[in-house]
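*Asks:* Got a predicted structure here, sequence first:
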Amino acid sequence: MAYGETSYPFRQYQDTAQGPCLPLPVAATRKPSIREWLRDETWIALIALFGIGLHMLLRFGLDVSSNLTLAPLWLALLAGGVPLLLTLARKLLRGEFGSDLLAGISIVTAVLLGEFLVGVIVVLMLSGGTALEKYATRRASSALEALAKRVPSSSHRKSENRLEDIPLSEIAVGDSLVILPHEICAVDGIVVEGHGKMNEAYLTGEPFEISKTPGSAVLSGAINGETALTIRTERLPVDSRYARVMQVMRETEQRRPQLRRLGDTLGAWYTPLAVGIAILAAVCSGQSGRFLAVLVIATPCPLLLAIPVAVIGAISLAARRGIIIKNPAVLEQIDRCRALIFDKTGTLTYGKPTLTEIVCSPAFQQKEVLMLAASLELYSKHPLAGAVIEAAQKAFLPMEAASEISERSGEGLQGIIAGRNVFLTGRGKVNEKQWNLPPAVGGLECLVFIDSVFAAAIRFHDAPRIDSRLFLAHLAPRHAVRKLMLVSGDRESEVRYIAREVGINDLHFSKSPEEKVEIVRSETKQQKTLFLGDGINDAPAMQAATVGVAFGQANDIAAEAADAVILQPSLSKVDELIHIGRRMRSIALESAVGGMALSILGMAAAAFGHLPPIGGAIAQEIIDLVAVLNAVRVALPTKKLTDF
């Protein structure tokens, strides 16, 4: 048995039936009700299409009475039009005057004037556009559901040298729990037995695996390494760090900023204009039919159809670029964000230690120290060992065999390399005055002693991405970004180092998920914000921002909370996403405003009696076709979507 392992064998276990002790919100788990299913716009659009088709068949293909030909239209109006009108009525009572309100007025007017075919055509256009947009906005699951699924439903309690699986609800403060290799810790506690490492990066912002020895604190949600650990429970699962993150997530999800959609913005002024022209035409002519004719040609289908088509095209283009759009509304907002807020670990940095400096004493050379240290680190599993070895390989230094190797957790690594005694340890393990060590500058550090003489201090940092400074520098001139912020849960020294390297002056360090949310929420009150992160501790902040973007697939919680997920972590992809949003918004505006301009010309013709209601409906369909074909351009491949 290797040093530091316990006698508990790794074994598979099955979740108990009790499920997670943290209940999911109702909205994350329940199925749609019958009423919601009947109001689904996809079914309404299909019913309207079926009604129009059957009406045409009975009217022109079969010799039946005129009353019978109207039956399919009545069916479509009752089954499809009534649910839509009820939805619009609720919006109207809330003071929401969107682009779909004009379509609702058209449906009611068409029924009152006996123009049932016109009414059903409007139902089809309204439900079809809404169905397209809902298709684009569907998400697999909520962030809260993903958070709850990540927590194990049971834990292993140690009792009289045996293990028993118990549901989380039975865990008490003071219980001894065994965390098996690669398991997720369910509670906050203290290690009482075992030596190993745990990955807390997604919870704390610390970029490296953290060594755990008896007395070390353990956080719920952390991923255990390769050895089993026994911990003493300090808090109940419902009071743990992970549960607090879930609570913050739940509160933030309820207070998530409501984005004003492009169609609603345009519809806010277009709808009263169209109604005003229709009333004026009816009053001046004394013909109620002109009121309907104006409304039908004025129905803002370029808003209801062209904008969703442009959105779906942008989603398709982004997917081909390795960007998953989860909330299409961000495509309309992302280019208008004036404050960009970044997490540090894994976003502006690579999330792994990199050797950045070797400070040697006068008697030693850097290459000599690096070669000996790397040769010894080949036999270590310490998180910094890989960085030392990688630096030696990049310098093309040879590796020597080691003998008499010993590594005591928390004390250091020692061995004989090419006849020389090499010892690697931390600053806190030696007397600084005795060895005349160079001053500490923050960050991670490893001291090297050769033949019992201080040789060098090797320093490490979580290195910034190679394109970080260039990307940040181009945001102000190219995207009118006014403010850059770095908000991290990592230590002050590391955050200041990265901020200095990438050129950010507004920085916040050692921040909990709750504190991140408050910072983002405060900034969002002043201007639109984009938050870029990749960890569980970033998820609530993503939801508090106007737009939340997550890097990579490693953490499903951050991906669920984000509005967009960039599969290949790269800042150039963030720039591509901004450009895709800008291009989509530009083409959508062309389609919507151009279509409405043609509709205004049609309204003038209808107001003067040159266009009857059915003619207006046909003319509107032609306008829709032109607007939609223009919107399809969004999905066409482009050569370049980044400018840095």
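*Replies:* Arrived safely.
*Asks:* show me what contacts the nearest residue to Ala457 once chain neighbours are set aside?
*Replies:* Spatial nearest neighbour of Ala457, chain neighbours left out: Val359 (4.6 Å); criterion: CB to CB, 6 or more residues apart in numbering. Any C-beta I mention is one placed from the backbone N, CA and C, and that applies to glycine too. Contact analysis of Val359 by CB atoms under 8 Å, 6 or more residues apart in numbering lists Pro438, Ala456, Ala457, Arg459.
*Asks:* just those residues now: which is nearest Leu447?
*Replies:* Ala457 (5.7 Å; CB to CB).
*Asks:* is it fair to say that closest one lies in a strand?
*Replies:* Yes: with DSSP: H, G, I helix; E, B strand; the rest coil as the criterion, Ala457 is part of a strand.
*Asks:* Surely it touches Glu445?
*Replies:* Yes: with contact defined as CB atoms under 8 Å, Ala457 counts as touching Glu445 (5.8 Å).
*Asks:* where do the contact lists of those two overlap?
*Replies:* Common neighbours of Ala457 and Glu445 (CB under 8 Å, 6+ apart) are Arg427.
*Asks:* Check Arg235 and give its pLDDT.
*Replies:* At Arg235, the model reports a pLDDT of 88.
*Asks:* Could you do Gly98 as well?
*Replies:* Gly98 is given a pLDDT of 62.
*Asks:* before we move on, the earlier item: could you identify which of the contacts of Val359 has the most neighbours?
*Replies:* Ala456 (24 neighbours; other CB atoms under 10 Å).
*Asks:* what's across from that one in the sheet?
*Replies:* Note on Ala456: beta-bridge partners Cys360, Val448, judged by DSSP bridges.
*Asks:* Please apply the same query to the one 5 residues further on.
*Replies:* His461 has these beta-bridge partners by DSSP bridges: Thr354.
*Asks:* Surely it touches Asp490?
*Replies:* No: with contact defined as CB under 8 Å, His461 does not reach Asp490; the gap is 10.8 Å.
*Asks:* ok, what's across the strand from Ser176?
*Replies:* With DSSP bridges as the rule, Ser176 is bridged to Arg232.
*Asks:* which ones are touching it?
*Replies:* With contact taken as CB under 8 Å, 6+ apart, Ser176 is in contact with Arg157, Lys158, Ser159, Val192, Thr230, Ile231, Arg232, Thr233.
*Asks:* Write the PyMOL selection for whichever of those are buried.
*Replies:* This is the PyMOL syntax for the buried subset of these, where burial follows 16 or more other CB atoms under 10 Å:
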select buried, resi 157+158+230+231+232+233
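*Asks:* Columns distance to Met485 on top of the contacts of Ser176, output as a markdown table?
*Replies:* Output for the contacts of Ser176, formatted as a markdown table (distance: CB to CB, whole Å):
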| residue | distance to Met485 |
| --- | --- |
| Arg157 | 44 |
| Lys158 | 45 |
| Ser159 | 49 |
| Val192 | 40 |
| Thr230 | 41 |
| Ile231 | 36 |
| Arg232 | 39 |
| Thr233 | 37 |
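*Asks:* quick one, helices of the stretch 351-500 of the chain?
*Replies:* In the stretch 351-500 of the chain, the segments counted as helices under DSSP state H, counting those that start in this stretch are 366-377, 385-394, 432-435, 468-479, 492-502.
*Asks:* elements contacting the last one?
*Replies:* By that I understand helix 492-502. strand 453-464, helix 468-479, strand 483-487, strand 506-508 (3 or more CB pairs under 8 Å, 6 or more residues apart in numbering; DSSP states H and E).
*Asks:* who wins for proximity to Ser288 among those?
*Replies:* Between the helices and strands packed on helix 492-502, helix 468-479 lies closest to Ser288; by CB to CB that is 50.9 Å.
*Asks:* Might one say that Ser599 is in contact with Gln620?
*Replies:* Yes: contact criterion CB under 8 Å: Ser599 and Gln620 qualify, at 6.9 Å.
*Asks:* okay, and the common contacts of these two?
*Replies:* Counting by CB under 8 Å, 6+ apart, the contacts common to Ser599 and Gln620 are Ile297, Thr299.
*Asks:* residue contacts, Phe551?
*Replies:* Gly346, Thr347, Leu532, Gly533, Asp534, Ala558, Val565, Ile566, Pro569.
*Asks:* was I right about the fifth one contacting Gly548?
*Replies:* Just to be clear, that refers to Asp534. No: between Asp534 and Gly548 there is no contact under CB under 8 Å: 11.2 Å.
*Asks:* In terms of helix, strand or coil, where does Val628 fall?
*Replies:* From three-state DSSP, the assignment for Val628 is helix.
*Asks:* how much space between the residue nearest to Ala457 and Gln393?
*Replies:* Distance, Val359 to Gln393, by CB to CB, to the nearest Å: 21 Å.
*Asks:* can you check Thr69 too?
*Replies:* 81 Å.
*Asks:* The two - which one has more neighbours?
*Replies:* Taking other CB under 10 Å, Thr69 and Gln393 do not tie; Thr69 has more neighbours (19 against 11).
*Asks:* Three-state assignment for Ser510, please.
*Replies:* Following three-state DSSP, we place Ser510 in the coil state.
*Asks:* what mean pLDDT does stretch 350-361 have?
*Replies:* 87.
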